[in-house]
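Visitor: Here you go, sequence then predicted model.
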Amino acid sequence: MRSACFALVSTLLAGCASPAERADVVAERAGLSTVALAGGGFSLKGFERQTSGRHATVFIEGDGRPWRAGGRVIAEDPTPLRLLALSWMEKTPGPTLYLGRPCYFQSKADQPCDAMLWSYGRYSEQVVQSMVKALGGWLQKRPHISSLTLVGHSGGGVLALLLAERVPHTKEVIALSTPVDVDAWTSLHAYTPLFTSLNPVNHPGWRAGVQRSFYFGEADHQVPPSHFVSPARAISDAEVTVVKGVGHDCCGPDIWLKNAY
C-alpha cells in the first residue's frame with residue numbers, strides 16, 4: 001500500500017497532474033490542511049497548519065504563469081508550477097496560512113475567472129478585495145489569532161503590501177524579490193503596463209504600526225535591486241536588505257525568520 005501511494009505521489013509530481021493537483025500533493029506531504037476561503041464571489045484555495053500560538057504567518061506565492069508562448073498569449077491557468085512560498089511555509093513554525101488568489105489552483109472554470117484577474121489586473125482592486133475578504137473570513141473562524149505576518153514572493157509581495165493596509169491584524173510584511181514599483185517593472189522588461197493594477201509606490205500613505213522588510217537578491221535579473229531598492233526605501237520606516245549571491249528565488253525563512261514579529 002505504501003509503495004502504491006509513493007508511486008502515485010511520484011507520478012503527480014513528475015508532471016502527469018495539473019498544477020493544482022501538484023500543490024495538493026505537496027501540501028499533503030507537508031502535513032498541511034486544505035481550506036476553501038470565500039473571497040467576494042470567488043473561492044480561494046488555501047493551505048494551513050493549525051498549531052498553538054496567537055501570531056500567524058500568511059504566505060502569498062508569486063504571479064505564477066500569467067502568460068505562455070513567450071509572453072504572447074494569456075495562459076488559461078496561471079497557477080505556478082514552482083511553489084516557493086509553500087516550501088518556505090513548511091519551514092516556518094506556528095500557525096500558518098498559504099493564501100491563494102482568485103482563479104488560481106482551480107481544477108476547472110467553475111467561477112467567473114476573467115483572465116484580466118491574472119494578467120493586467122493581477123494586483124487590481126478586485127483581486128485585493130477578494131483576498132482581504134478571504135483572509136478576514138479565515139481570521140474570524142480563528143479568534144485566538146491576534147496578529148499576522150504577511151510574507152509575499154515577487155508579485156505576491158506586492159499583494160502582501162496592499163493587503164496589509166486593509167487587514168488590521170497585520171503587524172509585519174516581508175516582501176521578497178518584490179517589484180514595489182509595478183510601472184517601473186513593466187517598463188524595465190518592455191511589458192505591456194498592468195493598467196488595471198494598483199501600484200504600491202502610488203499608495204497615498206502607509207498605515208502606522210506595520211514593520212515592512214524588503215529582501216532583494218543581488219543577482220536577481222527579474223527584479224534587480226538597482227531598480228527597486230530605492231522605491232522600497234522610500235516607504236516609511238521600511239528595512240531593505242540585498243542578499244549577496246542570490247537570484248529571484250530570494251529568500252527563505254533562514255534569511256528573514258530571525259527578524260519575524
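Guide: Received it, and whenever you're ready, just let me know what you need. Numbers count the residues shown, from 1 in each chain.
Visitor: Remind me which helix or strand the closest residue to residue 162 other than its chain neighbours belongs to.
Guide: Leaving aside its chain neighbours, residue 162 sits nearest to residue 128 (5.0 Å; criterion: C-beta to C-beta, 6 or more residues apart in numbering). C-beta coordinates here come from the backbone N, C-alpha and C atoms, glycine included. Under the criterion of DSSP states H and E, residue 128 resides in helix 125-140.
Visitor: hang on, the earlier thing: there's contact between the residue nearest to residue 162 and residue 159 in this structure, I believe.
Guide: Yes: contact criterion C-beta atoms under 8 Å: residue 128 and residue 159 qualify, at 6.8 Å.
Visitor: quick one: low-confidence ranges for the stretch 151-261 of the chain?
Guide: 259-261 (pLDDT under 70).
Visitor: if you set the cut-off to 80 instead, what comes out?
Guide: For the stretch 151-261 of the chain, the stretches flagged by pLDDT under 80 are 258-261.
Visitor: which residues of it fall in helices?
Guide: Secondary structure of the stretch 151-261 of the chain (DSSP state H, counting those that start in this stretch): helices located at 155-164, 182-188, 225-233, 253-256.
Visitor: Show me what the longest one is packed up against.
Guide: When you say that, I think you mean helix 155-164. strand 55-60, helix 125-140, strand 147-153, strand 170-176, strand 211-217 (3 or more C-beta pairs under 8 Å, 6 or more residues apart in numbering; DSSP states H and E).
Visitor: and the residue nearest to residue 162, what does it touch?
Guide: 159, 162, 163, 166, 198 (C-beta atoms under 8 Å, 6 or more residues apart in numbering).
Visitor: How much space separates the third one from residue 93?
Guide: Taken as C-beta to C-beta, to the nearest Å, the spacing of residue 163 relative to residue 93 amounts to 22 Å.
Visitor: more neighbours, these two?
Guide: Taking neighbours as other C-beta atoms under 10 Å, residue 163 and residue 93 compare with residue 163 leading, 24 against 12.
Visitor: So the more buried one sits against residue 131, correct?
Guide: Yes: if you go by C-beta under 8 Å, residue 163 and residue 131 touch, sitting 5.8 Å apart.
Visitor: what residues are shared contacts of these two?
Guide: residue 60.
Visitor: quick one: the residue nearest the centre of the chain from residue 187, how far?
Guide: Of all residues in the chain, the one closest to the mean position by C-alpha atoms, centre = their mean is residue 60, 1.9 Å from it. To residue 187, residue 60 is 24 Å away according to C-beta to C-beta.
Visitor: who touches the helix or strand hosting residue 20?
Guide: Applying DSSP H and E as the criterion places residue 20 in helix 19-29. If you take C-beta under 8 Å, 6+ apart as the criterion, helix 19-29 is touched by 9, 12-13, 17, 33-34, 45, 47, 64, 77, 79-81, 83, 86-87, 98, 105-107.
Visitor: how far does it sit from the chain's center?
Guide: A distance of 16 Å separates the centroid of the chain from that of helix 19-29, by C-alpha atoms, centre = their mean, to the nearest Å.
Visitor: now swap in stretch 212-219 and tell me
Guide: The chain centre lies 15 Å from the centre of stretch 212-219; the measure is C-alpha atoms, centre = their mean.
Visitor: buried residues in that stretch?
Guide: For stretch 212-219, burial by neighbour count (16 or more other C-beta atoms under 10 Å) applies to 212, 213, 214, 215, 216, 217.
Visitor: do the same with stretch 233-244
Guide: Buried, per 16+ other C-beta under 10 Å, within stretch 233-244: 235, 238, 240, 241, 243.
Visitor: which of those lies closest to residue 146?
Guide: Proximity to residue 146 was ranked across the buried residues of stretch 233-244 by C-beta to C-beta; first place goes to residue 238, at 23.8 Å.
Visitor: Excluding chain neighbours, what is closest to that closest one?
Guide: residue 212 (4.6 Å).
Visitor: What's the PyMOL syntax to select whichever of the contacts of helix 19-29 are buried?
Guide: The following PyMOL line selects those of the contacts of helix 19-29 that are buried, judged by 16+ other C-beta under 10 Å:
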select buried, resi 12+17+45+47+64+77+79+80+83+86+98+105+106
